[in-house]
Structures are given as structure tokens and as C-alpha cells.
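1. Let me see the structure of the following:
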Amino acid sequence: MLNAYGTANGCLTEFASSTSPVVPPDSVWLDLVEPTAEEEAAVESFLGIDIPTREELAEIEASSRLYQDDGAAFMTANLIRRGDNDQPESSPVTFIIKGNILITIRYHHPQAFPAYVKRAMKPQTTAMTGWGVLISLLEAVVDRAADHLERAGQIVDETSKKTFGAKRGLSGVHKANPRKTVNLQELIENIGEEGDFVSKMRESLVSIGRVVAFMQAIIDQMRESKAMKENRARIKILQRDIVSLTDHATFLNGKISFLLDAVLGLISIEQNGIIKIFSVAAVVFLPPTLVASIYGMNYKHMPELEWTYGYPFAIALMILSAILPFLYFKQRGWL
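-> Okay, the predicted model is just below:
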């Protein structure tokens with residue numbers, strides 16, 4: 001789909017939104033969403049550039065993601081969105097600047113794009129040029145990334161409270177409420193999901209940071225003007241925000257790794273507790289088994305065979321031999 005936007009009265013105006021390969025002449029921003037071959041050909045003919053294919057967008061080397069060709073600047077970054085099942089989806093998005101026109105090529109739907117379009121439909125204080133729209137769009141992407149990281153941080157904090165917030169016995173049962181247990185498997189799944197999301201978000205922020213640095217290098221080479229001074233100042237602020245969010249993502253990654261190790265340690269403690277119970281049970285019942293084995297022998301000359309109290313004596317001896325090890329373990333604090 002080809003979405004074309006222009007400017008009117010200091011705000012963004014939608015010129016066209018259809019599958020028709022027609023480029024309005026006064027467009028400032030051409031948003032290609034899963035473009036067809038006809039739409040790509042129309043944009044290439046209109047701007048005189050070569051639109052990269054989907055396979056070229058997926059290449060990770062810097063020379064394929066940040067370059068200038070035919071008087072245009074090509075920049076590709078990985079953007080994140082939450083899918084319908086709340087799973088993170090990462091896909092490359094290419095930003096192309098040719099003259100005063102911005103072209104975006106994407107094959108998924110980051111929420112930052114419609115959010116920016118809705119906000120840009122109102123009168124703006126910044127210049128609505130190709131560079132201005134690109135910087136504003138990246139600002140919306142970074143704002144969305146900040147929201148995602150804030151939500152991930154809240155989930156990590158909640159998981160931390162579930163893991164360490166209550167006093168637990170070795171069996172994982174809360175002492176305040178013995179019936180309430182912590183599902184360690186669910187905790188590991190939550191930690192794994194958020195760890196995967198934060199890792200992808202950090203990768204996205206790094207790629208956006210490279211795009212912004214490339215933009216700054218290009219703008220520094222341009223003729224000095226009021227609009228370019230404004231763009232340069234906004235790019236510096238954007239770079240600081242990206243560095244701050246990248247550091248926060250790194251912090252969250254470290255916290256998630258710690259939580260994962262802690263939950264795995266709790267699982268090991270619970271498993272050791274279960275094994276200890278079986279070990280103690282085996283030791284407790286070993287002496288009674290020995291007594292029963294002795295009196296189960298069918299030798300002719302056994303003193304207790306003819307004794308009236310022989311059977312009760314054997315039963316009492318087995319019970320006593322089971323109680324004594326139990327009391328000993330209890331006194332040593334092994335139970």
C-alpha cells in the first residue's frame with residue numbers, strides 16, 4: 001500500500017492511501033507498506049532512485065543499511081512492535097531521503113507510525129520537510145520504545161516481588177499462607193519472554209542510534225539554515241534519549257539474568273528439599289526394616305519364638321527404631 005502525505009497549514013495532510021501506484025507531485029512523505037512491484041516502480045520513476053528489495057532490507061552489514069546513492073540517503077533500522085499475542089516482532093524499516101521527500105519502506109506495522117500521523121495532523125511548530133518528518137517519526141519511535149521498556153520494567157519488578165517478596169520455606173510455600181505457592185515454571189516463562197523482548201528492543205535502539213548518527217553526519221555537510229540548525233539540535237536530543245534507553249535496556253537485561261538465575265536456584269533448592277525428604281524417610285525406615293528382617297527369619301532356636309510377649313516386643317522395637325532417627329534429625333535441624 002502507498003500512503004502519501006503532504007503539508008498544509010503547518011501540519012501533515014494525507015494525499016492518498018491506496019494500492020494504486022500513483023505518486024502525488026507535492027508529497028513530503030511516501031509510506032510504502034508491503035509495497036507491490038508496481039508501487040515500487042512508480043516511486044522509483046518519480047524520484048529516480050532504486051528502491052531496495054525486502055531481501056536487501058534484511059542484510060545486517062552497515063554498508064547495506066547506511067549509504068548514499070543517486071543523491072539519496074538510505075537508512076535501515078530494526079523496529080519493534082507487540083503482536084496480537086503480545087509477542088515481540090522485529091522487522092527492518094528503511095528510511096530514504098531524496099531532496100525534500102521522505103520515503104519509508106516497511107513490511108510490518110509499528111504502532112509509532114499511526115501514532116505520529118495522528119499527532120502530525122495537528123498544527124506543528126517544527127518544519128514539515130522530509131528531514132523534519134523523519135526526525136519527528138524517529139522521536140515517535142523512541143517514545144514508543146520508552147513505553148515498551150517501562151512496561152517491561154514493571155513486569156520484571158512484579159516478577160521480582162513474586163520471587164523474593166514473601167518468606168518461603170524450602171518447598172516454595174509461603175509461611176504466611178501454606179496453601180499459597182509460587183509457580184516457578186510460570187516465573188521462568190515470564191522472565192524468558194521479557195528477556196527476549198528487552199534484547200530485541202536493545203538491538204532496535206542500537207540500530208536506530210546508528211541511523212541517527214548517519215543523519216547527523218549528512219546534516220553537518222548541508223548548507224547552514226534555520227531549519228537545519230533546528231534539525232541538528234533535535235538530533236542531539238534524540239541521540240541522548242537513545243543512549244539513555246539503551247543503558248536502561250542493558251540494566252533490565254542484567255536484572256532479568258539475575259532473576260533467571262535466582263528462580264533456577266529456587267528450583268534447585270526445592271528439588272534438593274524433595275530429595276532430602278526421601279533420603280530421611282529411607283534412613284528412618286531402615287532400622288525397622290532391619291528388625292523385621294531379623295524376626296522374619298525361620299531359625300528353630302530363636303529366644304523370642306516361645307516368648308509370650310515376643311510379637312509386641314518386636315513391634316515396639318521397630319517403632320522405637322524409627323522414632324529415634326527422626327528425633328535425632330529433628331534435633332540437628334535437618335528437617
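2. Please name every helix or strand in contact with the helix or strand hosting Asp261.
-> Assessed by DSSP states H and E, Asp261 sits inside helix 226-284. Here helix 226-284 is seen to pack against helix 130-164, helix 184-220, helix 310-332 when contacts are counted using 3 or more Cβ pairs under 8 Å, 6 or more residues apart in numbering; DSSP states H and E. In this view, the C-beta of every residue, glycine as well, is placed from N, C-alpha and C.
3. where does the stretch 101-250 of the chain have low pLDDT?
-> Applying pLDDT under 70 to the stretch 101-250 of the chain picks out residues 124-125, 127, 165-182, 225, 227.
4. Please repeat the previous calculation with a cut-off of 50.
-> 167-180 (pLDDT under 50).
5. Show me where the stretch 1-150 of the chain has its strands.
-> For the stretch 1-150 of the chain, the strands defined by DSSP state E, counting those that start in this stretch cover 2-8, 11-18, 29-33, 66-69, 72-82, 88-98, 101-106.
6. Include mean neighbour count when you put the ones you listed into JSON lines, please.
-> Shown next, in JSON lines, are those (neighbours: other Cβ atoms under 10 Å):
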{"stretch": "strand 2-8", "mean neighbour count": "19"}
{"stretch": "strand 11-18", "mean neighbour count": "15"}
{"stretch": "strand 29-33", "mean neighbour count": "22"}
{"stretch": "strand 66-69", "mean neighbour count": "14"}
{"stretch": "strand 72-82", "mean neighbour count": "21"}
{"stretch": "strand 88-98", "mean neighbour count": "20"}
{"stretch": "strand 101-106", "mean neighbour count": "22"}
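7. Adding distance to Ile235 as columns, could you present the ones you listed in TSV?
-> TSV is the format used below for those (distance: least, Cβ to Cβ, whole Å):
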stretch	distance to Ile235
strand 2-8	20
strand 11-18	20
strand 29-33	18
strand 66-69	15
strand 72-82	13
strand 88-98	13
strand 101-106	15
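8. the domain parsing of this protein - what is it?
-> Here the domain parsing of the chain from automatic domain parsing is 2-272, 285-332.
9. most neighbours per residue, which of those domains?
-> Ranked by mean neighbour count, the domains of the chain are led by domain 2-272 with a mean of 16 (mean count of other Cβ atoms under 10 Å).
10. circling back: and Gly99, which of the helices and strands packed on helix 226-284 is closest to it?
-> In terms of Cβ to Cβ, the element of these nearest to Gly99 is helix 130-164, at 7.1 Å.
11. contacting residues for the residue nearest the centre of the chain?
-> Geometric centre of the chain, nearest residue: Phe197, 1.4 Å, by Cα atoms, centre = their mean. Residues in contact with Phe197 (Cβ atoms under 8 Å, 6 or more residues apart in numbering) are 80, 88, 148, 152.
12. for those residues, which one is nearest Ile315?
-> Closest approach to Ile315 among those (Cβ to Cβ): Ala152, at 62.6 Å.
13. With Ala146 as the reference, measure out to that closest one.
-> 11 Å (Cβ to Cβ, to the nearest Å).
14. and what of Ser293?
-> Taken as Cβ to Cβ, the span from Ser293 to Ala146 is 71 Å.
15. Nearest residue to His148 in space, ignoring adjacent ones along the chain?
-> Among residues not flanking His148 along the chain, Met201 sits closest, at 6.0 Å (Cβ to Cβ, 6 or more residues apart in numbering).
16. what sits against Met228?
-> Met228 neighbours (Cβ under 8 Å, 6+ apart): 131, 219, 222.
17. How about the secondary structure of the last one?
-> To tie it back to what came earlier, the one meant is Met222. Put simply, Met222 is coil when judged by DSSP: H, G, I helix; E, B strand; the rest coil.
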